[in-house]
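**Student:** Predicted model and sequence below, questions to follow.
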Amino acid sequence: QVQLVESGGGLVQAGDSLRLSCASSKGTFSNYYMGWFRQAPGKEREFVALISKSGGSTQSADSVKGRSTISRDNAKNTVYLQMSSLRPEDTAVYYCAAGVIFATRPERYAYWGQGTQVTVSS
């Protein structure tokens, strides 16, 4: 069973950059597609980005396209989300998730981290 721990969140100003990390323990990390999702207060959890098992394919939401890059290091069992030009509307708890298919819907992912808060001030 995969265990995921996110880190790298914090309070930043609009226009800043941030890199989130998600470290995996237990299970075989390279067997899983990895996704990043976020949830703002009062809103549903939404897709941000996902990456294939090898890292060769990625997909990102329109809301972050051009401002975010998802990557993974299978040797380190870690997936990253680099975000730039942050906006106040990016404020949310960011979660990483592991799944067995390439999917943007959160219910397709079996394993989740506890989340890391990102707050962007204007």
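**Tutor:** Happy to help now that I have it.

**Student:** Report how many residues lie close to residue 108.
**Tutor:** 15 (other C-beta atoms under 10 Å). C-beta: built from backbone N, CA, C; applies to glycine.

**Student:** ok, so what distance separates the residue most central in space within the chain from residue 25?
**Tutor:** Geometric centre of the chain, nearest residue: residue 36, 2.4 Å, by C-alpha atoms, centre = their mean. To residue 25, residue 36 is 18 Å away according to C-beta to C-beta, to the nearest Å.

**Student:** before we move on, what about residue 51?
**Tutor:** Counting by C-beta to C-beta - residue 51 and residue 25 are separated by 18 Å.

**Student:** likewise residue 76?
**Tutor:** 11 Å.

**Student:** hmm, back to that, just want to know which of residue 51 and residue 25 has more residues nearby.
**Tutor:** Each of residue 51 and residue 25 has its neighbours counted (other C-beta under 10 Å); residue 51 has more, 24 against 11.

**Student:** Next one: the more buried one from residue 43, what distance?
**Tutor:** From residue 51 over to residue 43 (counting by C-beta to C-beta), the distance is 23 Å.

**Student:** Residue 22 too?
**Tutor:** Taken as C-beta to C-beta, the span from residue 22 to residue 43 is 21 Å.

**Student:** Any idea how many residues pack against residue 6?
**Tutor:** Neighbours of residue 6 (other C-beta under 10 Å): 22.

**Student:** Could you do residue 5 as well?
**Tutor:** Residue 5 has 14 nearby residues by other C-beta under 10 Å.

**Student:** just checking, it is part of a strand?
**Tutor:** Yes: with DSSP: H, G, I helix; E, B strand; the rest coil as the criterion, residue 5 is part of a strand.

**Student:** contacting residues for it?
**Tutor:** By C-beta atoms under 8 Å, 6 or more residues apart in numbering, the contact list for residue 5 reads 22-23, 25, 113-114.

**Student:** rewinding a little: number of nearby residues for the nearest residue to the residue nearest to the centre of the chain once chain neighbours are set aside?
**Tutor:** Of all residues beyond its chain neighbours, the one nearest residue 36 is residue 48 (4.2 Å), with distances taken as C-beta to C-beta, 6 or more residues apart in numbering. For residue 48, the neighbour count with other C-beta under 10 Å is 25.
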